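>>> heads up, no residue letters with this:
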């Protein structure tokens with residue numbers, strides 16, 4: 001089997017997995033009820049969620065550029081933002097939600113020849129920095145909601161926060177020392193963007209008229225953000241909704257409402273990501289600081 005055939009087969013399998021998961025969700029929920037939930041959404045809260053999501057992605061791009069600068073690729077913020085939007089477009093339609101990262105790495109290495117290992121390294125660190133803050137936010141939320149199975153174990157979640165930060169710092173120091181100077185800056189951007197995405201999700205919850213328990217829905221959102229990155233489906237479609245479905249059942253929430261939140265977040269992500277199609281047609285010209 002050639003490399004091209006292997007990639008086609010992998011993509012086909014992920015399309016099948018996405019389709020199976022979506023079908024599975026439709027067999028577990030009342031789709032008409034989900035549509036009814038979406039029909040009642042408040043447009044002003046949805047606009048607020050959209051704008052906050054865009055703002056979070058700007059901070060996401062700034063964090064990535066911080067890492068690019070550590071390997072000598074001093075892209076201007078505008079050039080980096082254009083490349084980032086194009087990557088979002090590819091992330092949405094390529095397998096696993098990480099196809100855009102592969103494209104950005106290809107472009108950076110081809111144009112600036114800084115070494116594949118370093119390019120892959122900073123892209124990996126960018127992802128891990130985001131994942132670390134998602135885990136931290138999830139741990140904090142887990143201590144604030146009533147989850148019977150973890151009752152009395154909240155201290156483990158608090159302990160995991162400094163352990164996670166220390167582990168990431170050691171990983172940076174041992175394997176990616178060139179990126180260590182931006183360690184705290186990266187975590188700062190990650191904190192900002194994850195806070196803003198939580199605020200965007202809060203706006204979606206308000207748009208759907210959900211009053212309680214908001215923290216539980218935010219907790220499921222954090223977990224779904226981790227699961228959707230796993231390269232099993234196209235753009236995380238299906239895996240995110242399955243997480244919301246079982247998270248809702250686990251926390252005794254309304255599954256139809258939970259799926260509604262997931263669908264709205266996906267639609268906002270798709271709408272913003274689709275802006276990258278312009279740079280797909282006409283590739284952005286990358287400029288660097290002198």
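Okay, I see it. Given the structure is predicted, the values throughout are model-derived calculations rather than measurements.

>>> low-confidence ranges in the stretch 101-250 of the chain?
147-150, 229-239 (pLDDT under 70).

>>> shouldn't residue 169 be in contact with residue 186?
No - if you go by C-beta atoms under 8 Å, residue 169 and residue 186 don't touch, sitting 10.8 Å apart. Yep, even glycine has a C-beta here, placed from its N, CA and C like the rest.

>>> These two: which is more packed in?
More neighbours surround residue 186 than the other of residue 169 and residue 186, with 27 against 14 (other C-beta atoms under 10 Å).

>>> Quick check: what element follows the strand or helix carrying the more buried one along the chain?
Per DSSP states H and E: residue 186 is located in helix 183-207. As assigned by DSSP H and E, the chain's next helix or strand after helix 183-207 is helix 214-227.

>>> which parts of that following helix are buried?
Buried residues in helix 214-227, counted by 16 or more other C-beta atoms under 10 Å: 216, 217, 218, 219, 220, 221, 222, 223, 224, 225, 227.

>>> State the phi and psi torsions of residue 286.
With angles defined as degrees, to the nearest 10, residue 286 sits at phi -90, psi 130.

>>> Pull the contacting residues for it.
Residue 286 sits next to 75, 79, 82, 83, 107, 111 when contact means C-beta atoms under 8 Å, 6 or more residues apart in numbering.

>>> Mind doing that once more with 10 Å?
73, 75, 76, 78, 79, 80, 82, 83, 107, 108, 111, 112 (C-beta atoms under 10 Å, 6 or more residues apart in numbering).

>>> and the residue nearest to residue 183 when sequence neighbours are not counted, how many residues sit next to it?
Using C-beta to C-beta, 6 or more residues apart in numbering and skipping the chain neighbours, the partner closest in space to residue 183 is residue 172 (5.4 Å). Residue neighbour count, defined by other C-beta under 10 Å, stands at 21 for residue 172.

>>> so what's residue 172 up against?
121, 125, 128, 129, 178, 179, 180, 181, 182, 183, 186.

>>> wait, doesn't the last one sit right on residue 127?
No - if you go by C-beta atoms under 10 Å, residue 186 and residue 127 don't touch, sitting 11.0 Å apart.
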